[in-house]
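A.B. asks: starting from these lines, generate the structure:
(one chain, ligands or ions: 1)
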Amino acid sequence: MRHYDYILAGGGCAGLSLVYQLLESSLKEANILIIDPTEGEIPNKTWCYWSTEALPIHPEYARFSWKSFYLKDTQKKLSKSFEHLAYYHLNSHDFYAHVLGKIKANPQVHFLKDEVIQVSSTASSAQVETKSYGSFQCSYVFDSRICSNENTQNLLNQVFIGLRIKSETALFDPKSLGLMDFDTEASTDFDFVYTLPFATHEALIEYTAYTTQEREEQVLLDALTSYLTKKYGTISYEIQFRESGKIPMTTRNLFAPSQSRLVPLGTAAGWTKPSTGYTFALIQENCAQIVKQLEQGHLKNLKFPRKKRFIFYDNILLTIAHRWPKKLPGVFLNLFSSASPDLVFRFLSEKTSFREEIRLLSGLKFGIFIKGLLRYGTH
Ligand SMILES: Cc1cc2nc3c(=O)[nH]c(=O)nc-3n(C[C@H](O)[C@H](O)[C@H](O)COP(=O)(O)OP(=O)(O)OC[C@H]3O[C@@H](n4cnc5c(N)ncnc54)[C@H](O)[C@@H]3O)c2cc1C
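C.D. replies: Below you'll find the model as predicted:
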């Protein structure tokens, strides 16, 4: 049976990020196998994150960032500017081109277009079984397949559709991104529109809903189109890029647990922030920790546990999203109006101290949080 140092079961964002970081480390000579049934196909995704500087994996030619943003509802617009942070954008096609370019220059990294059926591990090695090419052995397997083994009914999902459009007329202010516009179609869920303006004539506009229901892509697309008409009137535009997604919003561990030589990665490892869906920056951070531990000889901490108080905050927000979704616009507006954006975004990245959280939360209107606390549950 062919043996590799590392096998990646899934070569998406997390799998490729780990390989990229390995190739940047002292382990760059390792024998690596990436197994993915979609090898060669690049998904349309827009990865955004906030940071003081662009992350090392983000190629310079593909960097776009904003220092200002706004939230708005039917009554008011709240405009804010970052102090030290910026909000970065990376297109999946630039990410794949950059990472695959590096991988191609390293012949000890191999791709296999196949489906992983099963992974298992012992104290000294791991084994990966594929659908068409048999089994492979390795020192560690990194698994980013999503294999939900729990009942996911009633799970809240973030569903969205986004169009990158080029309009004939100038419509956008490229200096300020629209983080959340709550002035959307009437719905019983929490809906908002997210706008990334790249130029006066060009923007990615995304219609998003937090929902337990199925929402057909066409329904989201209709909502997005009517938002555009309501906001900009009858406009002519060309669609340059389209993305859609469904991100599970849960604090439960739906996914496979780690074993001694089997390490879950990415969304499958629970690295998606339950209340916002952001994952990209944490993927980079956790992959860096994995590489550092591998360089030191072995992996001792495979789980990257989240601090309990952040799980608690997420559960409160998810309780509100489940029971009183129409209160969420007020919660976000309140959060961003009562504290500096850097503090709020650091809180959303789980990087604040308890003292900072007290400062942040004490500035909020308590009513809805007390209701959330009284009906508290794990989501
Ligand atoms: C459209 C979209 C936009 C997003 N935008 C952002 C954003 O702006 N910021 C942010 O922080 N997060 C964002 N996210 C969330 C998150 O960052 C992404 O979903 C990210 O791709 C997660 O990386 P991953 O490696 O866990 O999953 P994926 O990138 O989906 O990779 C999983 C890989 O596993 C493969 N696979 C599945 N089954 C098997 C199998 N049986 N055998 C082998 N391989 C298999 C898949 O083909 C896939 O390539 C977005 C998500 C989506 C869907």
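A.B. asks: please give the element, helix or strand, for the closest residue to Y227 other than its chain neighbours.
C.D. replies: Excluding the flanking residues, the one nearest Y227 by C-beta to C-beta, 6 or more residues apart in numbering is V193, at 5.4 Å. For glycine as for every other residue, the C-beta is placed from the backbone atoms N, C-alpha and C. Applying DSSP states H and E as the criterion places V193 in strand 190-199.
A.B. asks: and that strand, C-alpha only, in CSV?
C.D. replies: Only the C-alpha atoms of strand 190-199 are listed here, as CSV (Å, rounded to 0.1, in the frame of the first residue of the first chain):
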residue,chain,number,x,y,z
PHE,A,190,-33.5,37.5,9.2
ASP,A,191,-32.6,38.8,5.7
PHE,A,192,-30.0,41.3,4.7
VAL,A,193,-28.0,42.5,1.7
TYR,A,194,-24.2,42.6,1.7
THR,A,195,-22.5,44.9,-0.9
LEU,A,196,-18.8,44.8,-1.8
PRO,A,197,-18.2,47.8,-4.1
PHE,A,198,-15.0,47.3,-6.1
ALA,A,199,-15.4,50.4,-8.3
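A.B. asks: what's the following helix or strand after that strand?
C.D. replies: Note on strand 190-199: by DSSP H and E, the next helix or strand toward the C-terminus is strand 202-211.
A.B. asks: work out the gap between that following strand and the centre of the chain.
C.D. replies: 14 Å (C-alpha atoms, centre = their mean, to the nearest Å).
A.B. asks: close to the ligand, is it?
C.D. replies: No: judged by C-beta under 6 Å from any ligand atom, strand 202-211 stays clear of the ligand, getting no closer than 8.7 Å.
A.B. asks: strand partners of the strand holding V193, parallel vs antiparallel please.
C.D. replies: Strand pairing for strand 190-199, determined by DSSP bridges: strand 176-181 (antiparallel), strand 202-211 (antiparallel).
A.B. asks: what's in contact with the first one?
C.D. replies: Judged by C-beta atoms under 8 Å, 6 or more residues apart in numbering, the contacts made with strand 176-181 from elsewhere in the structure are 66, 68-73, 79, 87, 192-197, 227, 329, 332.
A.B. asks: mind checking how far the nearest residue to K45 once chain neighbours are set aside is from the ligand?
C.D. replies: Spatial nearest neighbour of K45, chain neighbours left out: S92 (3.9 Å); criterion: C-beta to C-beta, 6+ apart. The spacing between S92 and the ligand, counted by C-beta to the nearest ligand atom, to the nearest Å, is 8 Å.
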